[in-house]
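Peer 1: structure of the sequence below:
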Amino acid sequence: MSFLLPKLTSKKEVDQAIKSTAEKVLVLRFGRDEDPVCLQLDDILSKTSSDLSKMAAIYLVDVDQTPVYTQYFDISYIPSTIFFFNGQHMKVDYGSPDHTKFVGSFKTKQDFLDLIEVIYRGAMRGKLIVQSPIDPKNIPKYDLLYQDI
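Peer 2: As a prediction, the model looks like this:
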């Protein structure tokens with residue numbers, strides 16, 4: 001069963017989600033609704049949202065409607081997924097140079113579930129960076145050269 005995920009369509013709505021999501025991992029998927037990789041990721045996010053409802057709040061953010069955040073998080077590939085906990089940006093070491101976001105789609109629902117659990121547990125212990133539990137071969141590789149989305 002999949003749920004329609006809520007969309008944030010302005011900087012103000014994103015700010016509000018960051019400020020008001022407490023004791024849960026805030027998942028922000030930056031992308032475009034019609035992008036095929038975004039659709040693949042959205043499918044995984046929506047199928048896991050009920051399982052994660054006690055641990056995470058998941059929102060879709062359109063890169064074209066939130067240019068301030070697109071620039072701030074240096075989003076040059078979509079989809080890019082960013083995590084917060086109690087207003088703090090949570091970083092994840094994926095074994096790549098960029099710890100600020102997950103770029104691309106997760107290979108499996110389980111990869112995403114495991115990642116949220118690790119972020120949640122780490123955040124509850126006061127950590128701001130956690131080690132990714134995802135098998136490195138399941139993490140998409142991108143050159144960190146600037147791409148204009």
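
Peer 1: CA atoms for contacts and neighbours, from now on please.
Peer 2: Will do.

Peer 1: residues of the longest helix along the chain that come out buried?
Peer 2: Secondary structure assigned by DSSP state H gives helix 109-124 as the longest helix of the chain. Within helix 109-124, the residues that qualify as buried are Lys109, Asp111, Phe112, Leu113, Leu115, Ile116, Glu117, Val118, Ile119, Tyr120, Gly122, Ala123, counting by 16 or more other C-alpha atoms under 10 Å.

Peer 1: now do the fifth one against Phe83, distance only.
Peer 2: It stands for Leu115. Distance of Leu115 to Phe83, computed by C-alpha to C-alpha, to the nearest Å: 10 Å.

Peer 1: can you name every helix or strand that the longest helix of the chain contacts?
Peer 2: On a contact count with 3 or more C-alpha pairs under 8 Å, 6 or more residues apart in numbering; DSSP states H and E, helix 109-124 meets strand 25-31, helix 36-48, strand 88-93, strand 129-131.

Peer 1: just checking: what are the partner strands of the helix or strand following the second one?
Peer 2: Going back to what we said before, that points to helix 36-48. The element immediately downstream of helix 36-48 (helix or strand, assigned by DSSP states H and E) is strand 56-62. Strand 56-62 has its sheet partners listed here by DSSP bridges as strand 7-8 (parallel), strand 25-31 (parallel).

Peer 1: tell me the buried residues in whatever helix or strand comes next after strand 56-62?
Peer 2: For strand 56-62, the following helix or strand on the C-terminal side (DSSP H and E) is helix 67-72. Neighbour counts using 16+ other C-alpha under 10 Å place Tyr69, Thr70 of helix 67-72 among the buried residues.
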